[in-house]
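> how would this look folded up:
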Amino acid sequence: MVSHVSRIVASTANLADLLRSSVRVIQTVLGVQNCSIMLVNREGTALTMGASSSIPEEEWKTISTPFGSGIAGNVAKTGKEVVVARSWRVPAEEIPEGGRARKYQTDSYICLPLKEEETIVGVVNVTDHAEKRQFNMQDLGMLQAIARLIASAVGNHYLWMRTRESREHMSQVMDGLPVGMFTIASSGELILCNRAARQHLSLSPALELGKPWSDYFPESVRQHISRALREISHGHSSFSAEFEVMDQAGTKRRSVRISALEAEDFASLESKHVLFLIEDMQQMQELWELRRSDQMKSTFLSLISHELRTPLASIKGSIHLLNQLAPPEMREKANRLFAILHRNSDRLTRLVNNILDVMDLESENLTLYRKRTDLHDLIVRVAKRFETSEVEKNIHWEVDLKAPRTELYVDEGRFGQVVEHLVENAVKFAPDGGSIHIETGSVQGEWVLSVANSGREIDPELRERVFTRFYQVDGTLTRDCGGSGLGLYLCREIVRLHGGRIWVDPDFKGGTCLKVSLPEVTRLI
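Model (predicted):
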């Protein structure tokens with residue numbers, strides 16, 4: 001019987017068919033009335049029915065036995081077999097209506113764990129010997145041998161499933177790469193070809209792999225692949241060449257570079273597997289130019305910002321000095337004028353500092369200096385400063401600080417920037433006579449700050465984009481509200497460095513509510 005089960009295991013690829021065949025063989029050879037095989041579910045918390053000789057197949061999916069429940073559940077939990085020589089019989093009148101009678105009238109019973117390298121993958125159950133005799137040691141030994149074969153087959157099936165899922169995941173990752181990739185096996189078949197390679201070489205989007213590589217590529221490409229394969233087979237570690245190919249429409253020539261190298265996993269084979277990379281030279285040139293222009297922009301912004309810092313400091317000092325030297329009869333008019341000058345110089349200073357902070361973030365030079373900080377005190381100070389300075393809009397302020405924990409380890413200066421940007425943003429977009437509500441709380445072990453303003457709402461599709469660099473909700477030159485589009489980007493990055501997150505509350509109506517959450521860290525780790 002064991003050899004018969006071995007043949008079934010070797011010849012049956014489908015797990016469900018394997019379990020059904022195994023149940024039939026066990027039932028026939030051991031001479032039992034009932035046999036079933038149950039497998040551990042994906043979560044590893046319960047047994048599900050894989051095959052049964054006595055339960056209708058349409059009911060298999062509905063059967064689930066938690067670990068530790070019943071005989072099968074306890075066997076799966078403990079890994080210890082159960083052999084019942086002579087079981088009880090429940091009187092027929094006590095069997096629940098609709099219940100399966102055989103479940104309640106069992107003469108003898110064996111339940112064995114299915115173990116694959118000490119891992120329990122299921123159980124096998126046999127009940128009621130057809131000859132009404134008790135199960136003996138020979139029956140137990142035979143069933144144990146079969147259980148080992150079934151467990152090995154189930155383990156191999158799960159390994160195959162994981163390998164297939166990994167292969168599919170890898171295929172999806174490779175299809176997302178901008179660089180074309182294809183692999184030619186040692187036997188000459190094309191075994192991998194991602195989307196970019198098919199596009200760069202004008203291949204069919206739905207090509208089927210596994211055929212000789214020469215069946216797929218045009219002559220202009222085949223000659224370069226042949227040369228690469230020859231050089232790799234003669235001991236060269238890599239190969240590279242540039243040539244032109246026609247696009248899929250056949251109207252335009254495009255320059256591509258093909259590179260080949262030996263696949264390390266197959267270095268021991270006489271004929272090497274070869275990995276090819278395909279690059280669109282025009283696309284690579286465009287990417288290089290974009291990268292170069294972005295670097296030039298960053299360098300320019302950093303240079304300009306540093307150059308502006310010194311004259312701005314001189315301007316602010318001169319404004320303060322002139323304000324002190326103004327004659328008494330001009331004091332009232334001068335104060336209004338100097339207030340405007342001071343406010344705009346501060347605005348320019350904040351813009352310069354924001355640009356420099358962005359440059360530090362991009363170069364990963366922004367460092368946090370954490371200390372125990374009273375966040376409620378910090379919020380109150382920022383709110384009062386804006387409340388006393390922004391009097392033109394007649395805004396109604398509400399500050400409700402309810403978080404039970406007020407002190408956290410944060411960089412006080414940097415987190416103060418976050419609060420200032422959020423409050424400044426609320427003031428900017430609140431209408432005349434509108435309201436601003438600042439609130440703190442604690443949610444699931446996190447300290448949460450909410451800054452809400454009445455007025456226009458942010459469109460749902462823009463709720464993530466507002467945190468990108470230089471993004472303006474109103475990007476027109478005639479927009480009512482100024483700003484550089486850097487404030488919320490800096491907020492997101494500073495909060496991220498603190499291990500928190502920031503988002504637009506999608507449930508807030510009648511305006512905009514920005515929320516920040518931080519882990520409640522009360523000591524340095």
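
> how far away is D400 from A430?
17 Å (Cβ to Cβ, to the nearest Å). All C-beta spots, glycine's among them, are computed from the backbone N, C-alpha and C.

> Settle it for me: which of those two has more neighbours?
A430 (23 against 10; other Cβ atoms under 10 Å).

> Can you report how many residues neighbour the nearest residue to G416 once chain neighbours are set aside?
Closest residue in space to G416, ignoring its immediate chain neighbours: L378 at 5.7 Å, by Cβ to Cβ, 6 or more residues apart in numbering. As a burial measure, L378 scores 19 neighbours (other Cβ under 10 Å).

> Pretty sure L378 sits against E412.
Yes - L378 is within contact range of E412, at 6.7 Å (criterion: Cβ atoms under 8 Å).

> sorry, back to before: which secondary structure element contains the residue nearest to G416?
Taking DSSP states H and E as the definition, L378 sits inside helix 375-389.

> which residues make contact with that helix from outside it?
343, 395, 397, 399, 401, 403, 406-408, 410, 412, 415-416, 419-420, 423-424, 427, 438, 440, 447, 449 (Cβ atoms under 8 Å, 6 or more residues apart in numbering).

> Now do the buried residues in it.
By 16 or more other Cβ atoms under 10 Å, the buried positions in helix 375-389 come out as 375-376, 378-379, 382-383, 386.

> Just put those in a markdown table and tack on distance to R42 and pLDDT.
Converted to a markdown table, these look like this (distance: Cβ to Cβ, whole Å; pLDDT from 0 to 100):
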| residue | distance to R42 | pLDDT |
| --- | --- | --- |
| L375 | 43 | 93 |
| H376 | 47 | 94 |
| L378 | 48 | 94 |
| I379 | 47 | 94 |
| V382 | 50 | 91 |
| A383 | 51 | 91 |
| F386 | 54 | 87 |
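
> low pLDDT regions in the stretch 351-500 of the chain?
Applying pLDDT under 70 to the stretch 351-500 of the chain picks out residues 390-392, 473-484.

> Walking through the stretch 251-400 of the chain, point out its strands one by one.
Assigned by DSSP state E, counting those that start in this stretch, the strands in the stretch 251-400 of the chain fall at 253-262, 274-280, 371-374, 396-401.

> what about those strands, which gets the closest to E520?
strand 371-374 (12.5 Å; Cβ to Cβ).

> that older thread, can you give me how far the helix holding L378 is from the chain middle?
On the basis of Cα atoms, centre = their mean, to the nearest Å, helix 375-389 sits 37 Å off its chain's mean C-alpha point.

> With stretch 38-47 instead?
Per Cα atoms, centre = their mean, the centroid offset for stretch 38-47 relative to its chain is 26 Å.

> And for stretch 147-162?
That offset, for stretch 147-162, works out to 29 Å (Cα atoms, centre = their mean).

> can you give me the helices in the stretch 51-200 of the chain?
With DSSP state H, counting those that start in this stretch as the criterion, the stretch 51-200 of the chain has helices at 70-78, 101-104, 137-175, 195-200.

> just the stretch 201-350 of the chain next, same as before
219-233, 281-325, 331-362.

> okay, those in JSON lines with mean neighbour count and distance to R463 next?
JSON lines is the format used below for the helices of the stretch 201-350 of the chain (neighbours: other Cβ atoms under 10 Å; distance: least, Cβ to Cβ, whole Å):
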{"stretch": "helix 219-233", "mean neighbour count": "16", "distance to R463": "46"}
{"stretch": "helix 281-325", "mean neighbour count": "12", "distance to R463": "25"}
{"stretch": "helix 331-362", "mean neighbour count": "15", "distance to R463": "21"}
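
> right, so of those helices, which gets closest to G176?
helix 281-325 (15.2 Å).

> For that closest one, enumerate the helices and strands it packs against.
Secondary-structure packing of helix 281-325 (3 or more Cβ pairs under 8 Å, 6 or more residues apart in numbering; DSSP states H and E): strand 253-262, helix 331-362.

> And the ones you listed, which one averages the lowest pLDDT?
Least confident of the helices and strands packed on helix 281-325, judged by mean pLDDT, is helix 331-362 with a mean of 74.

> by how many degrees do it and helix 375-389 diverge?
Angle between the axes of helix 331-362 and helix 375-389 is 140 degrees (criterion: axes from the mean of the first three to the mean of the last three Cα atoms, to 10 degrees).

> can you give me how far helix 331-362 is from the chain middle?
40 Å.

> Also stretch 195-206?
28 Å.

> quick one: buried residues of that stretch?
195-198, 200-203.

> now swap in stretch 52-61 and tell me
52-53, 55, 60.

> okay, among the residues you listed, which ones form the most distant pair?
Once Cβ to Cβ is applied, these give S53 and W60 as the farthest pair, at 11.7 Å.

> Stretch 190-202: end-to-end distance?
16 Å (Cα to Cα, to the nearest Å).

> Also stretch 263-277?
12 Å.

> swap in stretch 24-42?
Using Cα to Cα, the two ends of stretch 24-42 sit 26 Å apart.

> Can you get me the centre-to-centre distance for it and its chain?
41 Å.

> quick one: buried residues of that stretch?
25-27, 29-30, 32-40.

> export the residues you listed to TSV and tack on pLDDT and secondary structure?
Output for the buried residues of stretch 24-42, formatted as TSV (pLDDT from 0 to 100; DSSP: H, G, I helix; E, B strand; the rest coil):
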residue	pLDDT	secondary structure
V25	85	helix
I26	85	helix
Q27	84	helix
V29	79	helix
L30	82	helix
V32	83	strand
Q33	81	strand
N34	86	strand
C35	90	strand
S36	92	strand
I37	93	strand
M38	94	strand
L39	93	strand
V40	92	strand
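
> want to throw those into TSV with distance to C491?
Below are those laid out as TSV (distance: Cβ to Cβ, whole Å):
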residue	distance to C491
V25	67
I26	66
Q27	68
V29	72
L30	70
V32	69
Q33	71
N34	66
C35	64
S36	59
I37	57
M38	54
L39	50
V40	47
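
> How about the secondary structure of G485?
coil (DSSP: H, G, I helix; E, B strand; the rest coil).

> can I assume R257 is in contact with E279?
Yes - in terms of Cβ under 8 Å, R257 counts as a neighbour of E279; the distance is 4.7 Å.

> of these two, who's got more company?
E279 (20 against 15).

> Do I have it right that that one meets M181?
No - in terms of Cβ under 8 Å, E279 does not count as a neighbour of M181; the distance is 10.4 Å.

> Now for R463: which residues touch it?
Contacts of R463 by Cβ under 8 Å, 6+ apart are 503-504, 506.

> if we go to 6 Å?
Taking Cβ atoms under 6 Å, 6 or more residues apart in numbering, we find R463 in contact with V504.

> Over to the one 3 residues further on?
Residues in contact with V466, defined by Cβ under 6 Å, 6+ apart, are L488.

> wait, is it part of a strand?
No - per three-state DSSP, V466 lies outside any strand segment and is helix.

> Phi, psi for S53 please.
phi -90, psi -20 (degrees, to the nearest 10).

> circling back: kindly write the PyMOL command that selects the buried subset of the contacts of helix 375-389.
Selection of buried members from the contacts of helix 375-389 for PyMOL, criterion 16+ other Cβ under 10 Å:
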select buried, resi 395+397+401+403+408+410+412+415+416+419+420+423+424+427+438+440+447+449
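
> Select from the contacts of helix 375-389 every entry located in strands.
When DSSP state E defines the strands, the subset of the contacts of helix 375-389 inside them is 397, 399, 401, 407-408, 410, 438, 440, 447, 449.

> now those residues as TSV including distance to C111?
Listed next are those as TSV, based on distance: Cβ to Cβ, whole Å:
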residue	distance to C111
W397	70
V399	66
L401	61
E407	58
L408	55
V410	58
I438	63
T440	57
W447	52
L449	57
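
> And the residues you listed, which is closest to G511?
I438 (13.2 Å).

> Quick check, the closest one in contact with V399.
Yes - counting by Cβ atoms under 6 Å, V399 is a contact partner of I438 at 4.8 Å.
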